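Asker: Need coordinates for the following:
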Amino acid sequence: MSSKGIVFDIITIFPNIVEEYINTGIVKNALKKNLVQINVHNLRDWAEDKHKTVDDTPYGGGPGMVMKIEPIYRAIQDLKKEGTIVAITTPKGRGIKQNDLERFSSKENLHMIIICGRYEGFDHRIHEHLVDYEFSIGEYVLSGGELPALVLVDGITRLVPGVLGNEQSLDQETFKDGKVEYPQYTKPEEFKGWKVPDVLLSGNHKRIEEYRQKGQKIL
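Answerer: Below you'll find the model as predicted:
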């Protein structure tokens with residue numbers, strides 16, 4: 001269990017996609033530090049027929065397949081605790097905002113079940129009766145919900161105290177207080193005739209701060 005009790009249970013039919021990502025970079029560091037806990041589950045483990053079926057054809061006809069309610073219901077029942085937030089990835093969902101990530105990351109004993117969509121989506125009874133939070137990462141179509149699920153987990157995890165090496169970076173990053181971060185430069189001072197602005201080389205901290213404030217964009 002993590003120090004703040006932040007636990008994600010991610011349900012997918014492609015666990016390897018999720019596991020590959022969480023075992024790299026910042027999320028991996030958070031796991032090693034025991035700052036978050038991420039459990040990856042195969043939805044087919046809750047299918048009861050011999051073929052481990054998790055989808056079927058839609059009533060009324062139409063192309064594609066729809067994710068069945070029974071295995072998802074059983075998975076939620078097995079994993080859900082008091083206070084659990086059940087989330088699903090769906091194009092119809094709310095677009096993730098930075099303040100959503102901040103709200104979740106600051107929640108004590110956060111437990112979130114994230115169900116990754118596939119095919120033509122979920123049996124609508126899942127939306128109606130089993131879910132607390134429906135989210136999207138943009139107005140476009142992806143092959144499945146694994147990438148949106150990882151976006152949510154990554155965005156929350158990096159805000160947990162102790163995850164980032166430099167905590168001050170959280171105070172100045174993009175979308176903080178509705179602003180887009182100012183332009184930044186590093187060595188070399190000049191490349192192909194393209195120069196770093198003189199003010200950043202001046203050593204005058206007041207002028208540098210003024211330059212940076214002017215460079216920020218308000219959303």
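Asker: Identify the residue nearest the geometric centre of this structure.
Answerer: What sits nearest the mean C-alpha location of the chain, by Cα atoms, centre = their mean, is residue 152, with 1.1 Å.
Asker: Residue 114 is in contact with that one, correct?
Answerer: Yes. Residue 152 lies in contact with residue 114 (Cβ atoms under 8 Å); the separation is 6.6 Å. Just so you know, the C-beta spots here come from the backbone N, C-alpha and C atoms, and that holds for glycine as well.
Asker: what do these two both touch?
Answerer: Residues touching both residue 152 and residue 114 by Cβ atoms under 8 Å, 6 or more residues apart in numbering: residue 87.
Asker: Identify each of the helices in the chain and give its residue range.
Answerer: Per DSSP state H, the chain carries helices over the ranges 15-22, 25-32, 69-79, 98-105, 124-129, 146-157, 169-172, 198-201, 205-215.
Asker: if we compare the ones you listed, which one ends up closest to residue 7?
Answerer: Residue 7 lies closest, by Cβ to Cβ, to one member of the helices of the chain: helix 69-79, at 9.7 Å.
Asker: So which elements touch the closest one?
Answerer: Counting contacts by 3 or more Cβ pairs under 8 Å, 6 or more residues apart in numbering; DSSP states H and E, helix 69-79 is packed against strand 7-12, strand 111-115, helix 124-129.
Asker: Flag every buried residue along that helix.
Answerer: Within helix 69-79, the residues that count as buried by 16 or more other Cβ atoms under 10 Å are 69, 71, 72, 73, 75, 76, 79.
Asker: And the average pLDDT for it is what?
Answerer: Mean pLDDT, computed over helix 69-79, is 98.
Asker: What is the least confident helix or strand in this protein?
Answerer: helix 169-172 (a mean of 55; mean pLDDT, DSSP states H and E).
Asker: Quick one: distance of stretch 26-33 to the chain centre.
Answerer: Its chain's C-alpha centre and that of stretch 26-33 lie 15 Å apart, by Cα atoms, centre = their mean, to the nearest Å.
Asker: Please list the residues outside it that contact it.
Answerer: 21-22, 36-38, 153-154, 157-158, 160, 162-164.
Asker: Below-threshold pLDDT in this protein: ranges please.
Answerer: The model of the chain has pLDDT under 70 over residues 1-4, 166-179, 217-219.
Asker: In it, spot the strand with the most residues.
Answerer: Using DSSP state E to define each element, the chain has its longest strand at strand 85-95.
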